[in-house]
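**Q** Any chance you could fold what I've pasted below:
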Amino acid sequence: MFTGIIEEIGRIDSIKKGTQSAVLGIRCQKVLEGTKIGDSIAVNGVCLTVTSLHEQGYTADVMAETLERSSLGSLSKNSPVNLERAMAADGRFGGHIVAGHIDGTGKIRDIHRDETAVWYTVEAESQLLRYVVEKGSIAIDGISLTVAGVTDRDFSVSIIPHTQGETSLGFRQKGDIVNLECDVIGKYVEKLMKPANDTTGVESNITDTFLMEHGFI
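**A** From the prediction side, this is the model:
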């Protein structure tokens, strides 16, 4: 599990693609501290397993499909990537629950700055936007951010310049593809509300009326 608090901006050192998998070589320093082969490190929000270590970085195996279905597929040598080690049991929970399993990708539609913040507007598919809630949490390329606004085709986040400078968002431009992971709580609530492939024959008592009567809507 991760928290969405980026520890370091790494750089892609190499990408070796096979027929059904690929190996990423990542140049970094901070996330190597205490890391062992087999540990998990989120790369732009995608949980990958460390397969080898050296003084200047590490390698991680990744399925070719993951490269194609995530923003990892657009990486090239020297691309900046957000890195976060899996949360330690005694660590601070500074962001929100991030699984490292992205729900899909979005496209940056607009970037603009006001007096105190930088605004990013991200287009996404409707099946993903249904889980995006104003003032809720979302991970963009593994960064835990608060949703400032949502429409039927995009959502916006507002970040301080420090966050932009300490993550790969500072390198992003309009039209770039980013990994998105929605707050896991919403997905579990939906699953409980409308169980899939229910073979028990027992209907759920949790309805919109029930939630309204008990102050949840």
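**Q** Can you show me the strands along this protein?
**A** 8-17, 21-27, 40-43, 46-54, 57-63, 80-85, 104-113, 118-123, 137-140, 143-150, 154-159, 177-182 (DSSP state E).
**Q** now the worst-scoring helix or strand of the chain on mean pLDDT, how far from the chain's geometric center?
**A** The helix or strand of the chain with the lowest confidence, counting by mean pLDDT, DSSP states H and E, is helix 208-213 at a mean of 74. Its chain's average C-alpha position is 32 Å from that of helix 208-213, according to CA atoms, centre = their mean, to the nearest Å.
**Q** Next: stretch 61-74.
**A** With CA atoms, centre = their mean as the basis, stretch 61-74 stands 14 Å off its chain's centre.
**Q** which residues are contacting it?
**A** With CB atoms under 8 Å, 6 or more residues apart in numbering as the test, stretch 61-74 has contacts from 17-24, 43-44, 46, 48-49, 51, 75, 102, 105, 141, 176-179. Bear in mind the C-beta positions are built from the backbone N, C-alpha and C, glycine included.
**Q** Show me the shaky parts of this structure.
**A** 195-206, 216-217 (pLDDT under 70).
**Q** which helix is the longest one in it?
**A** Longest helix of the chain, by residue count under DSSP state H: helix 184-193.
**Q** Could you check it and say which residues are buried?
**A** Buried residues in helix 184-193, counting neighbours by 16 or more other CB atoms under 10 Å, are found at residue 184.
**Q** Output that helix as CSV - backbone C-alpha positions only.
**A** Written as CSV, here are the backbone C-alpha positions of helix 184-193 (Å, rounded to 0.1, in the frame of the first residue of the first chain):
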residue,chain,number,x,y,z
VAL,A,184,-10.7,2.8,-3.4
ILE,A,185,-13.5,3.5,-0.9
GLY,A,186,-15.9,4.6,-3.6
LYS,A,187,-15.3,1.4,-5.5
TYR,A,188,-16.0,-0.8,-2.5
VAL,A,189,-19.2,1.1,-1.7
GLU,A,190,-20.4,0.6,-5.3
LYS,A,191,-19.6,-3.1,-5.0
LEU,A,192,-21.6,-3.5,-1.8
MET,A,193,-24.5,-1.5,-3.2
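**Q** picking that back up, turn the strands of the chain into JSON lines, columns for mean neighbour count and distance to residue 165.
**A** Shown next, in JSON lines, are these (neighbours: other CB atoms under 10 Å; distance: least, CB to CB, whole Å):
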{"stretch": "strand 8-17", "mean neighbour count": "17", "distance to residue 165": "9"}
{"stretch": "strand 21-27", "mean neighbour count": "19", "distance to residue 165": "19"}
{"stretch": "strand 40-43", "mean neighbour count": "25", "distance to residue 165": "19"}
{"stretch": "strand 46-54", "mean neighbour count": "17", "distance to residue 165": "22"}
{"stretch": "strand 57-63", "mean neighbour count": "19", "distance to residue 165": "22"}
{"stretch": "strand 80-85", "mean neighbour count": "24", "distance to residue 165": "12"}
{"stretch": "strand 104-113", "mean neighbour count": "16", "distance to residue 165": "13"}
{"stretch": "strand 118-123", "mean neighbour count": "20", "distance to residue 165": "10"}
{"stretch": "strand 137-140", "mean neighbour count": "26", "distance to residue 165": "16"}
{"stretch": "strand 143-150", "mean neighbour count": "19", "distance to residue 165": "12"}
{"stretch": "strand 154-159", "mean neighbour count": "19", "distance to residue 165": "10"}
{"stretch": "strand 177-182", "mean neighbour count": "24", "distance to residue 165": "17"}
